[in-house]
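1. please find the sequence and the predicted model below.
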Amino acid sequence: MNYFSYLCTQKTTQRIGMKLILLTCPEFFVEEDKILTTLFEEGLDILHLRKPNSEPVYCERLLSLMPEEYRRRIVVHDHFYLRDEFGLLGIHLSKRHPEAPSSYNGPITRTCYDLQSVPQQKPLCEYILLRNIFDSISESENKASFTRDELRDAARQGIIDHKVIAEGGVALDNIEQVRELGFGGVAIRGDLWGHFDVHSQRDYKDLIAHFRKLRKAASH
C-alpha cells in the first residue's frame, strides 16, 4: 500500500478532516531540511517539492538531508527522476510539466486551472490541486479563478470531492470555507512561509506555531 492509499484509509477509518499539503518555498534556504522535517513531525501529510527553475543538484542535496521515512511523503514537481532515486511518493504535473515521462508508471497528481478539466483528470490522478480558489498570498497577480457560487455548483455536481485539493490563497482564516465547499484538503504555501524570512531568519518557532494552527483547522 502506498502512502496515498494509507492516507485515504486513515481518513476514512478515523474520520479525520481534510488532507494538509504544503508546497515548498520556491527558494532554497539554510536549514530548510530541518524545518521540513519538523513540519512532518508536527503532522504534515504530504509535501510538494516545488522549486521552479532549480538545478537538480540542489534538490538532491535537500532530499539527501531528510529522513527516508519522510521522503516517502514527498511529491516532486520538477526533475522527475528524483522520485525513483530517493523513493519519493510521486510526481506532479502542471503547465510547466504537463506530461509524465513515457516510462513512468507511479502515482501522479496534477494541477487543474478550470473546473471543466477536473472530471477528466481525476480518474488518472491520486488527487487534483485546483487553483486559484482565493487571491494568491505570495503572487499578487494571481486572483481567484472562481466565484463561491461556481464552487458550490461544482460540489453539488460531484466535481469537487475528496480527490480535489484547494490551492491558491488558502490560509488559516478561510480553511473553514474550503471545508464547507467539499474539498478533500488544502494546499498551503504563502500563509505558512509568510511567517518566516528565508533570507535572514533562523528561529522558526513562529512558523511552527502557525503550522500547528493550520493542522488543527484542517483536522476538525
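-> Perfect, thanks for sending it. Since the structure is predicted, the reported quantities are computational estimates derived from the model, not experimental observations.

2. so where do the helices sit in this structure?
-> 3-14, 32-41, 56-64, 68-71, 82-86, 118-121, 148-156, 175-180, 190-193, 205-219 (DSSP state H).

3. just checking, what packs against the third one?
-> Applying 3 or more CB pairs under 8 Å, 6 or more residues apart in numbering; DSSP states H and E, one finds that helix 56-64 contacts helix 32-41, strand 46-49, helix 82-86. C-betas here are computed from N, CA, C, even on glycine.

4. least trustworthy helix or strand in the protein by mean pLDDT?
-> Ranking every helix and strand in the chain by mean pLDDT, DSSP states H and E puts helix 3-14 at the bottom, with a mean of 60.

5. low-confidence ranges in the protein?
-> 1, 5-16 (pLDDT under 70).

6. quick one: the nearest residue to Gly17 once chain neighbours are set aside from Leu44, how far?
-> Closest residue to Gly17 apart from its sequence neighbours, by CB to CB, 6 or more residues apart in numbering: Ser219 at 4.5 Å. Ser219 sits 12 Å away from Leu44, going by CB to CB, to the nearest Å.

7. overlap of the contact sets of those two?
-> Residues touching both Ser219 and Leu44 (CB atoms under 8 Å, 6 or more residues apart in numbering): Leu20.

8. which one of those two has more residues nearby?
-> Taking other CB atoms under 10 Å, Ser219 and Leu44 do not tie; Leu44 has more neighbours (21 against 13).

9. ok, Phe4 - contacts?
-> Contacts of Phe4 by CB under 8 Å, 6+ apart are 89-90, 107, 126-127.

10. now render the residues you listed as a markdown table, adding neighbour count and distance to Gly185.
-> Compiled in a markdown table, those are given as follows (neighbours: other CB atoms under 10 Å; distance: CB to CB, whole Å):
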| residue | neighbour count | distance to Gly185 |
| --- | --- | --- |
| Leu89 | 24 | 14 |
| Gly90 | 23 | 15 |
| Pro107 | 19 | 15 |
| Glu126 | 22 | 11 |
| Tyr127 | 27 | 7 |
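
11. quickly name whichever of those residues is closest to Phe183.
-> For those, the residue nearest Phe183 by CB to CB is Tyr127; the value is 10.0 Å.

12. which residue packs closest to the closest one, ignoring adjacent ones?
-> Nearest to Tyr127 is Lys163, by CB to CB, 6+ apart, at 4.8 Å.

13. returning to that earlier point: quick one: closest of the helices of the chain to Asn142.
-> Across those, closest to Asn142 is helix 190-193 (CB to CB), at 10.2 Å.

14. what is the closest one packed up against?
-> Going by 3+ CB pairs under 8 Å, 6+ apart, helix 190-193 lies up against helix 205-219.

15. tell me how far the helix it packs on is from the chain's mean position?
-> 15 Å (CA atoms, centre = their mean, to the nearest Å).

16. highest average neighbour count across the helices and strands packed on helix 56-64?
-> Among the helices and strands packed on helix 56-64, ranked by average contacts under mean count of other CB atoms under 10 Å, first place goes to strand 46-49 (a mean of 23).
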